[in-house]
Structures are given as C-alpha cells and as structure tokens.
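Asker: Next input, structure requested:
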Amino acid sequence: MERYDYIIIGAGSAGCVLANRLTEDAGARVLLVEAGGKDNALLVKMPAGVGELISKDGPYNWGFWTEPEANLEGRKLWWPRGRGWGGSSSINGMIYIRGHARDYDQWRQMGLPGWGYADVLPYFKKSESFEGGGDPWHGGEGPLKVSKASTPNPIYAATIQAGGEAGYPLTRDFNGFQQEGFGPYQLTIHDGQRWSAAKGYLHPALGRPNLTCLTDTRTVRIVVEDGRATGVELMDAKTKERRIVRADAEVLLCAGAVQSPHILQLSGIGDPDELATHGIAVVKSLKGVGANLQDHLDVCLSWECPKPITLYSQRKGLIKTLSIGLGYMLFGKGIGRQNFLESGAFLRSRPDLDRPDLQVHTVLAIMQDHGKVQVAKDGFTFHVCQLRPESRGRIGLRSADPLDDPAIHANYLSAEEDRRAIREGVKMMRKVAAQPALDPYRGAEYAPGAAVQTDAEIDAWIRRTAETIYHPVGTCRMGTTGDPMAVVDAECRVQGLSGLRVVDASVMPTLVGGNTNAPTIMIAEKIADVIRGRAALAPEDAAVAA
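Answerer: The predicted structure follows:
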C-alpha cells in the first residue's frame, strides 16, 4: 500500500503552499492529490483569459450552481471555482488584497490566538514578492509575485479622480497604511503572466524527490480509524478505479470552502442529521461542517463609453480576438497581459462603521452575468460588493455519491443590513460616475438604467441581477474548543479527531474585507510552520489607519 507522511487534498492556493513548504524538509514524504489537471493552458497563463475561465464550465472550472436563492427571485447562481493546479488562483481576477487589519484583530478577539493583524502580517510578507520591494507592509522576496497596476487606460485614473471629486478618500496602497478610499489595485501578475499559487509555490517544488503529484484523481473519502485520519480513498477520474493511500503523519484537506466540507461529509464527518438523510454513517459528529457559509454578493453598474477605448473595441471582430492570443503566445505582448480591472475602492456605506464595508472593482467592459452575456458596446462597469454580510448559508450533500456536486445554499440577502448596504453602494457609485473626471468617458447608464431610481426599484434590480464575486469562506470555521459549531481549532486541527487538518478559506470564521486569495495563501503559510514544528514568525505592528 502507498504510504506518505502527508497527504494534501487539493492543489489550490493552500495546497500549493503546503506542498512547497512541507517538502522543504527533505525527509517528509508528501502526496498532493488534485481532481483536475495541470495549469499549462494559454488561457490560464494569459491574464486576459480570466473572462473565459470565469464564465464557462470546463477543465479549469468546476462550474457549480447554487440552489434556488429565496431572496434573489429563486434564481440559481453561477459559482465558478478553480479546478486543477492553482485552484481558483488559476482562474481568478488576479487582484491582490489582504483585507482590513481589523478583520484579523476580530479573529483574535473571537478567541483565536495568533490570528491578529500583527501575527498574520509577517506571513503575508513572507509569501509576497512586491514589485516595489519590501517595506513595513510588503514582502520583497516571497514566492508570490505582486505587481502594481500599470495599464495606461484613462478610465482607471478618471475613476480614482472621480472618487475624490465625490468626497471619498484616496489611497495609494489598499494593503498598506490605509485601505479606505479609491486607488489602484495590486495584481498577482508578473511580466504579463498570471502568477497563481501553482506558479509561485508548486512549480518550484516539482523537482523535489519527496513530492508526488496526482492529477485527475478524485477524493472519495478520508479514512478514519479509532479517531485518527489514517489515509484517503482515491478514485481515478477516468477509469473510476479506487484505492486507499495511507498518511503516517497527517491528512491536510485543502479543497476550498465548497469542497472541503463536502469531502468531510462524504467521510462521515458532519451534522448527523445531514449525514443520516443520505445514509452516511457518522464517523464524527460536527454540526458546524458546511455551516457559516459567507460570500461577497455583487452588483454591476455599467455605463456606455463614447470612446473606443474599452474591451469591446479592443477585441471586436475575429481578427482582433485571434491576434490577442497570438500576439501574447508568440511575443508576450498586447492586451493579453491585462486583467482589465486595475482600479477600485473600499468605502463605508455609513459613517459610523469602523472600516469599509463595500468594495468596488472598475472593469473596462459592460459586464453582465459574469461575462457570459457579451454586450456589443464600449463601456465600463463598477462592480460593487458588500464586504461583511450578516447572511449565512451552508454547504450540504446532494447525495452520497462523491461525483455529485455539493448543494450550495448561499442564503444571500437574508439580513436587512446586507440589503441596505448594497442599495447604498448603488447610490454611491452613481454619484461617483456623475463627477467631472468621468465626463469624457461616461455615456448613457446601461445598468441599472434611468428607470431604476427609488429604493424599491433598486432593491428589485438587485434581486434580479446580483451575483457572487467568488469569495466563499467559513464552512469549516476556526473556533475555540468549547464552541459547538467550530470545525477546527486555531491550528486548523479538526475538532475531536487527530491527524486531520483543514487548511483553506473554509476555516475563516468571518469574511475579510476584500478578495480572499491572498488571505488563503497566508493561512497556509502560517499553518505550514505549525505542521513543521517551527516557531511562529514574530508579530509586526505596522501602523494602519483607523
């Protein structure tokens, strides 16, 4: 029987970090199991491929759908999640955001020692190689390449200027002293290439003799014997042949906020009532598995643009479309190097909040339905999402068949505060769009459109059109030992079992204020030191704005 010290389930952002860091110890035998394939496609490497990757099911995207959402007119929402080496870091928008410092201080205040901002900042810096070099907030030598926004399209700068004209703060660095305000994004792009977790962490480790990688291999269940995780049952995705592989030290579940709870449930670890419904024997009762689901809900406000300077004109026609890929493939040049969303904002929807609760992404296109609908007009879009939803959903089983997709109950907009915040965000971004700086680029309002004005009309439009912006977390959340809904402790060990950890976005107790890829990488960096028995990096108290 195959035996390893560590089995890592999932080669996404966290799994790639662990594969690299654990195999730095030459004596550690590590198996990395991935349900998808390698990350060698042009669309993955080319930043401009993001639209195609996000909007379509395929080898790099699981293409999940939620269950009907009661507060969104019963719609089933599209939930893209990365599949293959790099996971969602291989299909995401390549925005590098850590969240607000107070997000992590809140974790510490929830009884999770070692997770305050001063504790996690050194791990963000350890992971990062910032284009501007190291400073009190940034790392200069890490595996994850982070660049500054550099595309000269005038709409990005005009949006930032318009934010200032509308009375909102400006900031130079969302990850530095001050998150709040309008400013340029930092990107996980280096020399025109997507810099995923696979690119930064996994590829440099592939030559190590103590790392074995399996692709196109599904995890059927985690094997638990006498209260200890001892291995995993695997299935070849093509032949459907099954086998059990043993882990002498630990099984590390890194399948993400959707599939980590799903795999635990398939393994008999979860809410006994949920398991009984599908005839799965209870291995460990943990009611919190799959609960506490949080995600950033998003709406798209769009305007037509009178100038042919947006994505529509840049790729209009078959020749232009083909030339983007060809120019990038042959010369590494052209707009294939761009992700088309290089400015944005973090704003407060009401003045009494202690940190921003809204995030804005500026996109050089009229966006509808994740880009599935192509609008034949030049234009730009403000994505507006609420950062700290009070609504909670859950991940459940559709059946006991490991090949069935999980049941996603996002439960968006079940809380009035969530509805209020997004509604206010719509009003705020209409105010920004009306400023003089955007006069040369702003045509007619495409969405919501002039007919949508009252609160009731805005709310109805939100219910008709809102979608995820791809940041689910919390479904295997960290908590204290006495917390009946906690799935893992502060070291990501599954409660009541030995030899098993969950290490990915599912362990976040609350959503952070921003994109979740960088925080997921930070979590894996931190837990890698715990697994290896190394002392935690010393806390760093870099000053941040109130």
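
Asker: which residues does residue 371 contact?
Answerer: 51, 54-55, 365 (CB atoms under 8 Å, 6 or more residues apart in numbering). For the C-beta atoms, the positions are set from N, CA and C on the backbone; glycine is no exception.

Asker: I meant to write residue 293 there.
Answerer: 257, 392-395, 408-411, 472-475.

Asker: If we use 6 Å, what do you get?
Answerer: With contacts taken as CB atoms under 6 Å, 6 or more residues apart in numbering, residue 293 has the following neighbours: 393-395, 474-475.

Asker: Export stretch 440-455 to CSV, keeping only CA atoms.
Answerer: What follows is stretch 440-455, C-alpha atoms only, in CSV (Å, rounded to 0.1, in the frame of the first residue of the first chain):
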residue,chain,number,x,y,z
PRO,A,440,-15.2,62.3,-21.3
TYR,A,441,-15.9,58.6,-20.8
ARG,A,442,-19.4,58.4,-19.5
GLY,A,443,-22.3,57.8,-21.9
ALA,A,444,-25.8,56.5,-21.1
GLU,A,445,-26.3,54.4,-18.0
TYR,A,446,-26.6,50.9,-19.2
ALA,A,447,-27.4,49.2,-15.8
PRO,A,448,-29.5,49.6,-13.7
GLY,A,449,-30.7,52.3,-16.1
ALA,A,450,-32.6,55.5,-15.7
ALA,A,451,-35.9,53.8,-14.9
VAL,A,452,-34.4,52.4,-11.6
GLN,A,453,-34.4,55.2,-9.0
THR,A,454,-36.4,54.6,-5.8
ASP,A,455,-35.2,52.3,-3.1
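
Asker: quick revisit: next step: the contacts of residue 371 restricted to helices.
Answerer: Per DSSP state H, helices hold the following members of these: 51, 54-55.

Asker: Tabulate the residues you listed in TSV, adding columns for distance to residue 333.
Answerer: Supplementary listing: the ones in helices among the contacts of residue 371 in TSV, determined by distance: CB to CB, whole Å:
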residue	distance to residue 333
51	19
54	23
55	25
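
Asker: Rebuild the residues you listed as a markdown table, extending it with distance to residue 530, pLDDT and neighbour count.
Answerer: Putting the ones in helices among the contacts of residue 371 into a markdown table (distance: CB to CB, whole Å; pLDDT from 0 to 100; neighbours: other CB atoms under 10 Å) gives the following:
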| residue | distance to residue 530 | pLDDT | neighbour count |
| --- | --- | --- | --- |
| 51 | 38 | 94 | 21 |
| 54 | 33 | 97 | 20 |
| 55 | 38 | 96 | 19 |
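
Asker: How much space separates residue 390 from residue 189?
Answerer: Here residue 390 is placed at a distance of 34 Å from residue 189 (CB to CB, to the nearest Å).

Asker: For the two, indicate the residue with more neighbours.
Answerer: The neighbour count for residue 390 versus residue 189, taken as other CB atoms under 10 Å, is higher for residue 189 (24 against 13).

Asker: OK, contacts around that one?
Answerer: 47, 94, 147 are the contacts of residue 189 under CB under 6 Å, 6+ apart.

Asker: Which strand residues bridge it?
Answerer: Beta bridges link residue 189 to residue 194, judged by DSSP bridges.

Asker: Which single helix of this protein contains the most residues?
Answerer: Ranked by residue count and defined by DSSP H, the top helix of the chain is helix 416-433.

Asker: give me the number of residues near the closest residue to residue 490 other than its chain neighbours?
Answerer: Distances taken as CB to CB, 6 or more residues apart in numbering place residue 112 nearest to residue 490, at 4.6 Å, with adjacent residues excluded. Residues near residue 112, counting by other CB under 10 Å, number 22.

Asker: Can you give me the pLDDT of residue 112?
Answerer: Model confidence at residue 112, given as pLDDT, is 98.

Asker: In the longest helix of the chain, which residues are buried?
Answerer: Neighbour-count burial for helix 416-433, with 16 or more other CB atoms under 10 Å as criterion, is recorded at 417-419, 421-426, 428-430, 432-433.

Asker: swap in stretch 1-15?
Answerer: Buried-residue list, stretch 1-15, by 16+ other CB under 10 Å: 4-15.

Asker: Of those residues, which belong to helices?
Answerer: Counting by DSSP H, the buried residues of stretch 1-15 contribute 13-15 to helices.

Asker: Need the three-state assignment for residue 300.
Answerer: The three-state label given to residue 300 by DSSP: H, G, I helix; E, B strand; the rest coil is strand.

Asker: and it, how many neighbours?
Answerer: Neighbourhood size, residue 300 [other CB under 10 Å]: 23.

Asker: List the beta-bridge partners for it.
Answerer: Beta-bridge partners for residue 300, by DSSP bridges, are residue 383.

Asker: Tell me who's in contact with it.
Answerer: By CB under 6 Å, 6+ apart, the neighbours of residue 300 are 367, 381, 383.

Asker: ok, the first one to residue 380 distance?
Answerer: Using CB to CB, residue 367 is found at 9 Å from residue 380.

Asker: So which of the two has more stuff around it?
Answerer: residue 380 (31 against 28).

Asker: how about the nearest residue to the more buried one, chain neighbours excluded?
Answerer: Leaving aside its sequence neighbours, residue 380 sits nearest to residue 155 (CB to CB, 6+ apart; 5.3 Å).

Asker: any idea which helix or strand comes after the helix or strand that neighbour falls within?
Answerer: Assigned by DSSP states H and E, residue 155 belongs to helix 154-165. Downstream of helix 154-165, the first helix or strand assigned by DSSP H and E is strand 181-184.

Asker: shaky segments in the stretch 401-546 of the chain?
Answerer: 546 (pLDDT under 70).

Asker: Let's see the helix or strand of the chain with the lowest mean pLDDT as PDB, backbone CA atoms only.
Answerer: Using mean pLDDT, DSSP states H and E, the weakest-scoring helix or strand in the chain turns out to be helix 318-331, at a mean of 87. Presented in PDB, the C-alpha positions along helix 318-331 are these (Å, rounded to 0.1, in the frame of the first residue of the first chain):
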ATOM      1  CA  LEU A 318     -12.500  37.700 -35.200                       C
ATOM      2  CA  ILE A 319      -9.100  39.100 -36.400                       C
ATOM      3  CA  LYS A 320      -8.600  41.200 -33.200                       C
ATOM      4  CA  THR A 321      -9.700  38.400 -31.000                       C
ATOM      5  CA  LEU A 322      -7.300  35.900 -32.600                       C
ATOM      6  CA  SER A 323      -4.500  38.500 -32.600                       C
ATOM      7  CA  ILE A 324      -4.700  38.900 -28.800                       C
ATOM      8  CA  GLY A 325      -3.900  35.300 -28.200                       C
ATOM      9  CA  LEU A 326      -1.400  35.000 -31.000                       C
ATOM     10  CA  GLY A 327       0.400  38.200 -30.000                       C
ATOM     11  CA  TYR A 328       0.600  37.000 -26.400                       C
ATOM     12  CA  MET A 329       1.700  33.500 -27.300                       C
ATOM     13  CA  LEU A 330       4.400  34.500 -29.800                       C
ATOM     14  CA  PHE A 331       5.700  37.700 -28.200                       C
END
